[in-house]
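S.K.: Pasted the sequence and its predicted model underneath.
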Amino acid sequence: MIAAIILIHSGLIAIAVLVAVVLAVAWAEFGHPDHARTWSIAFALAACMWAIELAARIHGPAIRPPGLPMLAVAGCASVLNTIGFRQRAGQPTRARLLFALAAGQALAVILLRWSALGACIGVAPLNLLNAAMLWLASRTLTGRRRGERVAERLAAAMLRLLAAVSLGFFLLVVGYAFGLVRTNLLAVITGTLVVQPAIVSGIGFFTLFLLAADLADQTRRLAASDMLTGLLNRRGFEDAARAIFGSAKRHGRSLAVAVLDIDRFKQVNDRHGHAAGDAVLRAFARCLRENVARRDLVARIGGEEFAVIMADVDAEAALCAADALREKIGAMTIDCGAPIRITASLGLAAYRLGEDLPTVLARADRALYQSKNLGRNRATLADRCADVVAEAGPT
Amino acid sequence: MTSAREASKLGQFSWALFDWANQPFFTVVTTFIFAPYFANVMIGDAVRGQATWAFTQSTSGIIIALLSPFLGAMADAGGRRKPYIFLFQLLLAAGCIALWWAYPGRPDLARPIAWAIVAATITPDTILAIQTMAVDLIGIAALLLLVEGFRLRASRRRPGAREALAAISLLALAAIASAALSPLHGRALLGLLSGGLLVYAAASAVPAGRRRRPAETAATAALALLAAARFAVTITALADPGGTALIFSQQLIALPAAVIEGLFTMLLIASDFSAERHRLVHTDPLTGVLNRLGFEAAADAALRRARRPGRPVSLALADIDRFKAINDVHGHVVGDRALGCVARHFAQRVDEEDIVGRIGGEEFAFLLWGDDGAAALRRIEPLRAAIGGVCADLAPELAVTASFGIAERGRGETLTSLLDRADRALYRSKREGRDRSTLAEMRD
């Protein structure tokens, strides 16, 4: 018996130490994220907790309810784990409140020991605390944040499952204490013990999984975005546009692509310096983002060249929107040392069924060229380009 | 309070539980552990973005690893074939085939394994013998896949027929040996084989020719530890004539092994993403050399790390002359290409420990180790003279030149001050007619 307990406890200690080490390495290597450190401390505490428990069981009776030091440390580990999840989500940690709950749990154990219910209920408050903490942690992964990822949904489901297991054990122990559940208490205690490796390694793996998923997400976003303006870069634009074009093709939706170029941008750079040029690009990007529909795609596809894909608009509506955008840009004043005003030329192309991105982009580019030729600060629709060229041709 | 009767009941109960824990419980725990991998394979969220083939490979290995103990439980189930075993094997085979199907051309080894399982399922006789052997062989195959995963990650080379052949012959040898030897020796051999494979995995955790990252050091250490444990368990248990100690301890080691393999695989995945993120933030996409942020971070770290006193270090700044004119005359495309050419030229011509970055539109910076100001000037001069040559092919009548400013680091001088002095020297080069290098005077 004692051999089995020693084995399970040493296994738990080993797993917790491993997870703590791995999270510490992750903290050191991945740019010191606070939540990795918190999680690492939580698992180190968990290892301590089982070490305490193991020592107590070797020197004392092998079968007994968990001791108070173990419960206190276990409460702290549980709370720290949740704090890590809150830090990751950027939410206020409420550390004081949570630690107060852990202290309350330990206090409840002391009070319950003296009560008529006896020692058998000892582990119940910890189970309740664990369930609450796991549920709180799962809350940080779901909800109001836009576009929650598969990794987060999966981790949230796992945490909820573990919360349910903890709650189940709580109900079982309470039911046993009040004589509602006829079962072998020792079976319950052993069951708790045997489920522990699963819970510990499960949480450990999912914390690490979330770290990896976050890094993957940041990497993907960095690779697709333009550092200066925060918009999509050319690569990101092409990837996203391909998806939009695919869906437009399948559902027969209308689309319009606008290509924008800041007029005489080189003069801004020459006259006011590169810093001012960067400020202009940033302001231009902000103006674009603020003045297009939410689901429209905005990207910086070249030095001073931008592109917008407008969803569900026909050519006329797109031209209206483009003109409005152009006016907004013209009305903007960028202040960096001296007030700078800029204008932009636009080329527009409405998507024709079956066309691919490069074709539409090329038509929009030709329209942009037309806008530049016609004196800048204007928007031209690609389908009318040919007529305009024909009219303007002989002169 | 617990009575003696209850205690003895608990003893029986927990031993029964522990026995049981070696089989399906193990599977439940490992399923928990590897759920993220399942998600990655099936849904392909986070890790697939850049999933190296290696990790898909090790994922398939891990899936088999966690299924093999389940198969073992089936094989031990009273020696009689039950319908659910049949069903389970079909599911397992379907899983392997699905995995192979979802990643065409990737887990090559999943295909033969799947067909082997199908074959084992439909053969009417000698099921038990095949099953028992299959459990051990699947364990070895899983380890092979894992090792292959680490190796691929390090070398980024797809395995060819040679690797597949080596794996299959190893498996065949193991099968023949374990069938020919006594069961005890067969198991011991398999234990030694897995230990050896783990050593190979540990050795493959770090790619050659690059500084190892902390995650890789940790992974190497953990895998080596695991290999040592496997060897130790096998060798000590051989002393037990019954062989039960060996079986017991091999199964005992299975859970920590799965945890170690899974945890460190995940850590390496995360580490690769972290390195990629760092690279994206710190390099200039146009030229491929460090950007301003990257150069300052790397140079700052290098200067602070250089504890050895008296080793001279110099900073050189280069600015392409009249770059705006190049853009205006030849167009932006040629301008961009010229930048790329010059950056490549610079990156090729400096030493490995030197740092090169593009810190402005047409401005580059070098941190040159082991050179005092005069030596740096001697190294920079041929570099400068060759610039026109490397860009000559881009456009007719394109003449690219650059001006340089060089400053030797004074005692305890910061990077900012060094950059400032080099910038002033560069300005002097520009004023004195461009296409030349100027050495800044030493700071007092």
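M.R.: Happy to help now that I have it. Numbering: from 1, shown residues only, chains lettered A, B, ... in the order given.
S.K.: Low-confidence stretches in chain A?
M.R.: Residue ranges of chain A with pLDDT under 70: A:1-2, A:4, A:62-66, A:116-122, A:143-148, A:183-195, A:197-198, A:384-395.
S.K.: show me where it has helices.
M.R.: Taking DSSP state H to define them, one finds helices in chain A at A:2-29, A:34-59, A:68-89, A:95-114, A:124-139, A:150-177, A:185-224, A:234-251, A:265-272, A:274-290, A:315-331, A:357-373, A:382-392.
S.K.: Which other helices and strands does the fifth one contact?
M.R.: I take that to be helix A:124-139. Identification of packing neighbours for helix A:124-139 by 3 or more Cβ pairs under 8 Å, 6 or more residues apart in numbering or on different chains; DSSP states H and E yields helix A:68-89, helix A:95-114, helix A:150-177. Any C-beta I mention is one placed from the backbone N, CA and C, and that applies to glycine too.
S.K.: so that helix versus helix A:68-89, what angle?
M.R.: Relative orientation of helix A:124-139 and helix A:68-89, computed by axes from the mean of the first three to the mean of the last three Cα atoms, to 10 degrees: 10 degrees.
S.K.: And for the second one?
M.R.: Angle between the axes of helix A:34-59 and helix A:68-89 is 170 degrees (criterion: the same axes, to 10 degrees).
S.K.: Neighbours of the closest residue to B:Gly361 other than its chain neighbours, how many?
M.R.: Residue nearest to B:Gly361 in three dimensions, not counting chain neighbours: A:His274, with 6.2 Å by Cβ to Cβ, 6 or more residues apart in numbering or on different chains. A:His274 has 12 neighbours, counted by other Cβ atoms under 10 Å in any protein chain shown.
S.K.: Over to B:His330?
M.R.: Residues near B:His330, counting by other Cβ under 10 Å: 17.
S.K.: Same question for the one 4 residues further on.
M.R.: By other Cβ under 10 Å, the residues close to B:Val334 number 17.
S.K.: Next: B:Arg378.
M.R.: Applying other Cβ under 10 Å, I find that B:Arg378 has 11 neighbouring residues.
S.K.: helix or strand for it, which one?
M.R.: According to DSSP states H and E, B:Arg378 maps onto helix B:373-385.
S.K.: can you list the domains in chain B?
M.R.: Domain assignment for chain B by automatic domain parsing gives B:4-281, B:292-439.
S.K.: Worst mean pLDDT among these?
M.R.: Of all these, domain B:4-281 carries the lowest average pLDDT, namely a mean of 64.
S.K.: is it true that B:His352 lies in a strand?
M.R.: One thing to correct before we go on: residue B:352 is Glu, not His. No: the assignment for B:Glu352 (DSSP: H, G, I helix; E, B strand; the rest coil) gives coil, which keeps it out of a strand.
S.K.: check contacts around it.
M.R.: Counting by Cβ atoms under 8 Å, 6 or more residues apart in numbering or on different chains, B:Glu352 makes contact with nothing.
S.K.: can you rerun that using 10 Å?
M.R.: B:Trp369 (Cβ atoms under 10 Å, 6 or more residues apart in numbering or on different chains).
S.K.: any idea how far B:Ala407 is from the spatially closest residue to A:Phe99 that is not a sequence neighbour?
M.R.: Once flanking residues are discounted, A:Phe99 sits nearest to A:Val79: 5.7 Å by Cβ to Cβ, 6+ apart. Separation of A:Val79 from B:Ala407 (Cβ to Cβ, to the nearest Å): 53 Å.
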